[in-house]
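>>> build the 3D model from these lines:
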Amino acid sequence: MVSHAILDITDDNTPTPLPTLTSPHVPNHTPHPHTDFATMASTEDKYSVLLPTYNERENLPIIVYLLVKTFKQHDINWEIVIIDDNSPDGTQEIAGQLAKVYGEDRILLRPRAGKLGLGTAYIYGIQFATGNFIIIMDADFSHHPKFIPQFIRLQKQHNYDLVSGTRYRSGGGVYGWDLKRKVIRCGPHPAVQSTLKGG
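Okay, the predicted model is just below:
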């Protein structure tokens, strides 16, 4: 059984942890309230962000900047794996420039031959990840990097196998999405569904 929690991403930017499964290996003790789990993670763990892209030339530098800023502020060991589906807008060229700025050991461009879909992009990207934890997110700002330390903290506190965020609980929300996109994304993320089903 996979132990996991869901974070309720609310309008006031305060995630509320909502454990949905308990883990048989969750410690019985309560961690000290002042323990900095993000800092603790930096000495023991590495986090690989899988970032699928298609025509994200304008968004990519900003989302990467926000990710790097978050990781540096919290002293988290990281890498970003960019999986680009042969974007015609020059996304790969931007990714190459970002690798020069931040380091080719930090920004890994792993392109594919064509537009093959989001789910398969994550599956493809994971084989290049060198971290012992995987973070999956989109490059279009629908997932904000500022929540990552809270995900890490929750995982460390309870030893969860998986932590997921949702906008569809009370108090959450999305802005700028049309009805079609909201309907498509109302369910759990495909990667989360696959993990929980054991697929």
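>>> tell me the SS of Tyr65?
helix (DSSP: H, G, I helix; E, B strand; the rest coil).
>>> for Ala113, see how far away it is.
28 Å (Cβ to Cβ, to the nearest Å). All C-beta atoms are positioned from the backbone trio N, CA, C, and that covers glycine.
>>> the two: who's more crowded?
Set Tyr65 next to Ala113 and count neighbours by other Cβ atoms under 10 Å: Tyr65 wins out with 14 against 7.
>>> ok, now which ones touch that one?
By Cβ atoms under 8 Å, 6 or more residues apart in numbering, the contact list for Tyr65 is empty.
>>> so where's the protein shaky on pLDDT?
1-43, 167-199 (pLDDT under 70).
>>> what about the helices in it?
Secondary structure of the chain (DSSP state H): helices at 37-44, 60-73, 91-102, 118-126, 148-158, 179-184, 190-197.
>>> return the longest one as CSV; C-alpha atoms alone will do.
Output in CSV follows, covering the C-alpha atoms of helix 60-73 (Å, rounded to 0.1, in the frame of the first residue of the first chain):
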residue,chain,number,x,y,z
LEU,A,60,10.3,28.2,-18.9
PRO,A,61,12.8,30.8,-17.8
ILE,A,62,10.4,32.1,-15.1
ILE,A,63,9.3,28.7,-13.7
VAL,A,64,12.9,27.6,-13.6
TYR,A,65,13.9,30.8,-11.8
LEU,A,66,11.2,30.3,-9.3
LEU,A,67,12.2,26.7,-8.7
VAL,A,68,15.9,27.5,-8.3
LYS,A,69,15.0,30.4,-5.9
THR,A,70,12.9,28.1,-3.8
PHE,A,71,15.5,25.4,-3.6
LYS,A,72,18.3,27.8,-2.8
GLN,A,73,16.2,29.6,-0.1
